[in-house]
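Undergrad: what's the 3D shape of this:
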Amino acid sequence: MKSKLEYIWLDGYKPTQSLRSKTQVRTDFGGTVEECPMWNFDGSSTEQASGGDSDCLLKPVAIYPDPDRASAYLVMCEVMNADGSPHESNGRATIDDDDEDFWFGFEQEYFLWDLKTNLPPGFPPGGYPGPQGPYYCSVGAGNAYGRDCVEDHLDLCLEAGVNIEGINAEVAAGQWEFQVFAKGAKQAGDEVWIARYLLERTAERYGFSINYEPKPLGRHLDWNGSGMHANFSNGAMRDLGDESVFTRICEHFGKNIDRHIHVYGADNDQRLTGEHETQSIDMFSYAVSDRGASIRIPVTTVQDGWKGRLEDRRTASNADPYKVAAVIIKSSKEALA
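TA: As a prediction, this is how the structure comes out:
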């Protein structure tokens, strides 16, 4: 029996990488990542190599059944140089979390984008819908736009085994969110990227593209923008019940603003303005239950005796979850060293 393996990777475009994929057909494939061979591609077509030395390698790292194709699998890959070393665009290889001590939950916001109008669904040509407010967690054709596409995506993620934990309509017309959780930073990144891939492919059928820009309608319009809030914890945060663990991490994050903002998504300055539930991009704050802070300490963390998680609210919707996880782990480990 023949199986279709869709190899998926991130290209080398800057400042924001995009998904690429191609199909390999295998005979008598058993469905494990160990059976997936290394594969090469033309890196000169993806901004990852020059034409004179264009071969890059795809290293399979995670596999999921593809519920949208017969006898098919989704294979998440790292990009390697021809000598087998990680390519400079390979954010997954920078994650220092081999023991999976860190858990991550990403809240991925995005806009559906109508290719006919070049606007989100629900936006009238040449104008704007009513102000934000009625669209968040809405129901009904007057406020919720694109639900069929979003529901199809949710079903496909669940069938693929992606640990997607929920969806909801967001504050602007045509804006939605899904949440992914995983124990282990690399798995969390894998599952966000697979969920994004399935979203892009599902949207094709509805005539939508997916817009991950943090402020696709402009920084001066009265919309919250799109983020990818990063909820995270490690063993010390989950188990010790020590407030100082959380304050030390937050204080250290505040000393390394540039390190984090560098990988928190392009054009994030348009979103992190100090308005619309954000802190200014060049400032840092943390507080319990404060959605206008850089880092929100959930009230449940306090109620549970300082056992739980933190939420970094600065991460933009177009950020690479691998690179986000890597910098959060680096700063957290330094803070607690």
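
Undergrad: list the contacts of residue 189.
TA: By CB atoms under 8 Å, 6 or more residues apart in numbering, the contact set of residue 189 is 91, 92, 95, 104, 320, 321, 322, 325. Bear in mind the C-beta positions are built from the backbone N, C-alpha and C, glycine included.

Undergrad: which SS state does it fall under?
TA: Residue 189 falls in the helix class when you classify it by DSSP: H, G, I helix; E, B strand; the rest coil.

Undergrad: look up how far residue 92 lies from it.
TA: Using CB to CB, to the nearest Å, residue 189 is found at 6 Å from residue 92.

Undergrad: okay, and the common contacts of those two?
TA: Contacts common to residue 189 and residue 92, judged by CB under 8 Å, 6+ apart, are residue 322.

Undergrad: ok, residue 88 - contacts?
TA: Contacts of residue 88 by CB under 8 Å, 6+ apart are residue 12.

Undergrad: name the SS class of it, please.
TA: What three-state DSSP gives for residue 88 is coil.

Undergrad: burial of the spatially closest residue to residue 136 that is not a sequence neighbour, as a residue count?
TA: Counting by CB to CB, 6 or more residues apart in numbering, the nearest residue to residue 136 once its immediate chain neighbours are dropped is residue 171, at 4.7 Å. Burial of residue 171 is recorded as 21 neighbouring residues (other CB atoms under 10 Å).

Undergrad: again, but for residue 333
TA: 16.

Undergrad: contacts only, for it.
TA: Counted by CB under 8 Å, 6+ apart, residue 333 has contacts residue 96.

Undergrad: so, low pLDDT: which residues of the protein?
TA: Judged against pLDDT under 70, the chain has no low-scoring part.

Undergrad: if we go to 90?
TA: For the chain, applying pLDDT under 90 flags the ranges 50-53, 98, 125-133, 217-224, 274-279.

Undergrad: per the annotation, how does it divide into domains?
TA: 2-90, 103-336 (automatic domain parsing).

Undergrad: just say which of those is most tucked in.
TA: Highest mean neighbour count of the domains of the chain: domain 103-336, a mean of 19 (counted as mean count of other CB atoms under 10 Å).

Undergrad: what lines up beside the host helix or strand of residue 181 in the sheet?
TA: Per DSSP states H and E: residue 181 is located in strand 175-183. Looking at strand 175-183 with DSSP bridges, its partner strands are strand 103-114 (antiparallel), strand 164-169 (antiparallel).

Undergrad: switch these over to JSON lines; also include distance to residue 259.
TA: Putting the strands paired with strand 175-183 into JSON lines (distance: least, CB to CB, whole Å) gives the following:
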{"stretch": "strand 103-114", "distance to residue 259": "18"}
{"stretch": "strand 164-169", "distance to residue 259": "28"}
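
Undergrad: can you tell me which of those strands comes nearest to residue 196?
TA: strand 103-114 (7.3 Å; CB to CB).

Undergrad: send me the following helix or strand past that closest one as CSV with only the CA atoms.
TA: Counting by DSSP H and E, the next helix or strand C-terminal to strand 103-114 is helix 147-160. What follows is helix 147-160, C-alpha atoms only, in CSV (Å, rounded to 0.1, in the frame of the first residue of the first chain):
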residue,chain,number,x,y,z
ARG,A,147,-17.3,30.0,11.1
ASP,A,148,-17.6,27.1,8.6
CYS,A,149,-13.9,27.4,7.8
VAL,A,150,-12.9,27.7,11.5
GLU,A,151,-15.0,24.7,12.5
ASP,A,152,-13.5,22.5,9.7
HIS,A,153,-10.1,23.5,10.9
LEU,A,154,-10.9,22.5,14.5
ASP,A,155,-12.2,19.1,13.4
LEU,A,156,-9.1,18.4,11.2
CYS,A,157,-6.7,19.4,14.1
LEU,A,158,-8.5,17.0,16.5
GLU,A,159,-8.5,14.2,13.9
ALA,A,160,-4.8,14.8,13.3
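
Undergrad: and the strands in the stretch 151-300 of the chain?
TA: 164-169, 175-183, 208-211, 228-233, 286-288, 295-297 (DSSP state E, counting those that start in this stretch).

Undergrad: now render the ones you listed as JSON lines, adding distance to residue 31.
TA: Listed next are the strands of the stretch 151-300 of the chain as JSON lines, based on distance: least, CB to CB, whole Å:
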{"stretch": "strand 164-169", "distance to residue 31": "21"}
{"stretch": "strand 175-183", "distance to residue 31": "20"}
{"stretch": "strand 208-211", "distance to residue 31": "28"}
{"stretch": "strand 228-233", "distance to residue 31": "30"}
{"stretch": "strand 286-288", "distance to residue 31": "44"}
{"stretch": "strand 295-297", "distance to residue 31": "40"}
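
Undergrad: I am finished for the moment; much appreciated.
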